[in-house]
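1. need a structure here:
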Amino acid sequence: MLLKRVTLESFLAFKKASVEFAPGLNIVLSPNEGGKSSLFRGIVAGLYTDSSSRKSDVLALARWGSGGLFRIELELRLAGLGYRLVRDFGSKEQAIFREGEERSFAKGKGVDEFLRDHLPLADQNLFLRVCGVRHEELGAVGDGTSAIGEKLEEILGGGWGNVTPASVKRTVEAKRRELLRGTSRLALDENWGLVKRHAESVARAEREFALATEISRRREGLLKAASSARGGIERINAELEILRSRRQKAAQFTELEKKEEAARGKAEELRKRMERLRELLSRKGMLLEEAARFPAALREHGAASLNELIKALELETLLGREIEGAGPVKSRALYRPGFIVAASLILLGIAGALLLNKNMLLLLAAGVILLGWCVRRGAAAGRALIAPGKGGELERLGEQRNAWSGGRSLADSKTLLDAFSAWSEKMKDAQTRLEEVAGAHRGAHEALSARLDAEYGDAALEARAIAEERSAIEAFKADAGVLLSLDREIRLKENETASAAVFLGGQERELAGLDVHDANEARERLEAERENLKRAERKAEILDGILETLDEARSAMSGFLAERLPPLAAAHLSRITGGRYAALFIDPLTMGIETAPAAGDADVGAGASQAPDRIRPDAVSQGARDQIYLAVRLALVDLVSRGEPQPLFLDDPFVHFDPERRARALDLVREFAARHQVIMFTCDPRYRQTSAHLIELPGHA
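-> Next up is the predicted model:
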């Protein structure tokens with residue numbers, strides 16, 4: 001990107017100003033508060049600020065007393081093509097025109113979209129950090145307030161205020177120095193860090209302990225005895241704990257065996273009950289299916305009415321037998337002549353048939369018909385004579401039987417009733433057994449079956465869980481003999497502990513009667529102080545770990561810079577310093593920058609026999625630091641621009657340069673401007689003599 005012209009109206013210091021830039025080196029000359037910063041901010045606002053924005057920092061760019069907002073017009077080249085960009089913040093309108101055209105090809109949001117797609121650095125903050133070398137940056141680097149490596153990190157990473165890796169590292173390092181103050185160099189007592197204070201406390205406690213040990217020399221034997229007794233008690237207690245644990249596990253195993261057996265028994269009982277219930281339900285279902293073969297009228301009768309049907313059937317049988325037994329006798333008496341005639345006709349017919357007389361067969365047929373009529377009439381007459389009144393009862397019983405039997409005969413009805421009675425007994429038995437199994441859940445057999453299934457599953461799972469728990473302590477299974485042996489060992493160990501405690505109590509009472517200056521108290525103080533020292537040292541170790549992590553977090557960015565930036569920056573630095581410095585290095589972990597003097601350069605300080613391998617920027621003058629920073633920033637623009645021309649804004653970069661290096665630096669910047677447009681702001685009138693495009697701002701016109 002190249003800037004050709006900037007026109008500002010009612011913007012900060014300018015009422016109206018139009019500034020034209022050349023492709024190479026541009027010198028913007030103006031006294032202090034003459035509008036250099038306003039020009040730079042106008043360029044940035046024109047490139048990156050939407051004219052519809054009403055943020056407070058945008059509104060603050062309006063010229064004092066103007067009564068309205070501002071207008072910015074930029075003429076620039078992008079990828080070799082010319083454009084005119086207009087942003088009117090008063091009307092909230094913005095448009096972009098191709099060079100030589102009066103009609104815009106993008107307006108409103110389309111302008112911002114076009115610039116995002118075509119500007120080499122589409123992010124405003126990155127543009128400001130890469131392309132703007134501000135005077136305050138040079139001042140911070142020059143006076144050592146800001147390290148060059150940290151500035152590079154802020155430029156590419158954006159910085160995070162007080163929580164950048166560099167600032168956090170400084171904070172952690174300050175905490176570490178405060179913690180370790182006085183350990184590596186002399187310091188007043190009141191300025192000692194925590195580690196030094198605890199180290200001194202440990203030293204005092206060690207001296208007090210040595211003195212107490214000397215004073216308590218006579219107590220050594222008692223202390224040893226007491227220590228031995230304590231050790232014995234601890235050992236016995238440890239053994240006792242093991243024995244008790246074994247005894248507890250053995251008892252637990254036995255208990256789990258019982259629980260498992262009970263759980264399995266419960267599960268088996270539930271399974272049997274569930275299977276019995278399902279068997280009875282199946283049997284009941286089969287009986288219900290069998291019921292379909294009985295007439296519906298018969299199925300409607302209960303147990304009481306079934307007995308009545310049986311009695312009615314028996315009565316019908318008896319009445320039938322009575323009628324069948326008495327009827328024929330009386331009928332023979334009444335219709336004996338008819339029987340005689342019928343018998344004669346039959347005999348004559350048979351004789352004629354034997355004689356081959358066909359006409360005689362008619363007599364045989366007539367005799368048979370007469371005999372049948374006599375039999376029927378005789379039976380009816382017999383029933384009427386012998387069982388008057390019982391015929392109606394028999395008919396009534398027959399009709400009743402036909403109603404429930406579906407019109408079956410007496411014999412078939414009896415067979416049907418016997419079968420239904422047997423089926424009813426089976427059904428009653430099945431229902432009774434179901435109620436016995438169901439218990440309180442009468443009638444809800446299906447729900448009971450589901451509940452028994454769930455309870456069985458729970459019981460089986462419980463049994464399995466108990467079995468797994470028992471299996472986990474299978475090694476502690478013990479019979480009665482082993483348990484008795486464990487109990488005996490436990491009692492012995494308890495007796496040993498009691499005896500050792502009695503002995504220790506005697507030793508401690510004797511020790512209590514000795515001199516107050518004993519080593520135990522001094523030892524406790526010493527251990528406490530050592531623990532305090534250990535904690536303080538642990539804090540120092542933690543801070544060291546934090547510093548290491550921070551270095552790793554910064555290595556990704558610094559690795560890129562350490563590989564590509566040094567050759568470019570070293571060439572620029574050598575050019576500025578007249579070959580005094582031949583190389584530049586970036587530590588990929590710390591972002592620290594060092595330079596290397598050219599071979600044979602012995603002008604490195606009094607008493608030096610040869611030039612050092614590397615020199616840190618804080619070991620050179622403020623001017624040299626400015627020169628290192630300028631070389632690094634020029635190289636950074638080359639890296640970030642990726643071959644595209646980019647405007648670089650320099651704010652009086654040569655303030656601390658000597659005349660020779662200023663001249664060489666200016667030549668370098670002029671050559672750099674052949675690739676990237678350079679706009680250098682200054683208030684020094686000497687730059688009027690520079691062979692560059694000179695721009696003198698019109699002031700506050």
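2. in the chain, which helix or strand is least confident?
-> Between all helices and strands in the chain, the lowest mean by mean pLDDT, DSSP states H and E belongs to helix 358-386, at a mean of 63.
3. downstream neighbour of that one in the secondary structure list?
-> Following helix 358-386 in sequence order, the next helix or strand is helix 390-405 (DSSP states H and E).
4. average pLDDT for the strand or helix carrying residue 253?
-> Per DSSP H and E, residue 253 falls inside helix 220-290. Per-residue pLDDT over helix 220-290 has a mean of 85.
5. gap between it and the chain center?
-> 37 Å (Cα atoms, centre = their mean, to the nearest Å).
6. Wait, residue 306 touches residue 421, no?
-> Yes - here residue 306 reaches residue 421: they are 6.3 Å apart, a contact under Cβ atoms under 8 Å. The way it works is simple: take the backbone N, C-alpha and C, and place the C-beta from them, glycine included.
7. sec struct for residue 5, please.
-> Three-state call for residue 5 (DSSP: H, G, I helix; E, B strand; the rest coil): strand.
8. That one - nearest residue in space that isn't next to it in sequence?
-> Of all residues not flanking residue 5 in the chain, residue 75 sits nearest, at 4.1 Å (Cβ to Cβ, 6 or more residues apart in numbering).
9. Next: residue 155.
-> In this structure, residue 155 finds its nearest non-sequential neighbour in residue 129, 4.2 Å apart by Cβ to Cβ, 6+ apart.
10. C-terminal to the strand or helix carrying the one you found, what's the next element?
-> Using DSSP H and E, residue 129 sits within helix 124-131. Counting by DSSP H and E, the next helix or strand C-terminal to helix 124-131 is strand 132-133.
11. and that next one, which strands flank it?
-> In the sheet, strand 132-133 lines up against strand 648-651 (parallel) (DSSP bridges).
12. what sits up against the strand it pairs with?
-> 36, 40, 131-135, 138, 634, 637, 669, 672, 676-681 (Cβ atoms under 8 Å, 6 or more residues apart in numbering).
13. can we see that at 6 Å?
-> With Cβ atoms under 6 Å, 6 or more residues apart in numbering as the test, strand 648-651 has contacts from 40, 131, 132, 133, 134, 135, 637, 676, 678, 679, 680, 681.
14. after that strand comes which helix or strand?
-> Helices and strands here follow DSSP H and E; after strand 648-651, the next one along the chain is helix 659-672.
15. residues making contact with that next one?
-> By Cβ under 6 Å, 6+ apart, helix 659-672 touches 25, 575, 576, 634, 654, 657, 678.
16. can you do 8 Å?
-> Contacts with helix 659-672, where a contact means Cβ under 8 Å, 6+ apart, come from 24-25, 572, 575-578, 623, 627, 630, 634, 648, 650, 653-654, 657, 678, 680, 690-692.
17. mind listing what's buried in that helix?
-> 661, 662, 664, 665, 666, 668, 669, 672 (16 or more other Cβ atoms under 10 Å).
18. Who are the packing partners of the helix holding residue 129?
-> Helix 124-131 sits against helix 36-48, helix 148-157, helix 622-641, with contacts defined as 3 or more Cβ pairs under 8 Å, 6 or more residues apart in numbering; DSSP states H and E.
19. from the middle of its chain, how far away would it be?
-> With Cα atoms, centre = their mean, you get 39 Å for helix 124-131.
20. Going by neighbour count, which residues of stretch 194-213 are buried?
-> Buried residues in stretch 194-213, counting neighbours by 16+ other Cβ under 10 Å, are found at 194-199, 201-202, 205, 208-209, 212-213.
21. from these, which single one is nearest residue 263?
-> For the buried residues of stretch 194-213, the residue nearest residue 263 by Cβ to Cβ is residue 198; the value is 60.2 Å.
22. Helix or strand: which one has the residue nearest to the closest one when sequence neighbours are not counted?
-> Excluding its sequence neighbours, the residue lying closest to residue 198 (Cβ to Cβ, 6+ apart) is residue 533, at 3.9 Å. Element membership for residue 533, per DSSP H and E: helix 519-576.
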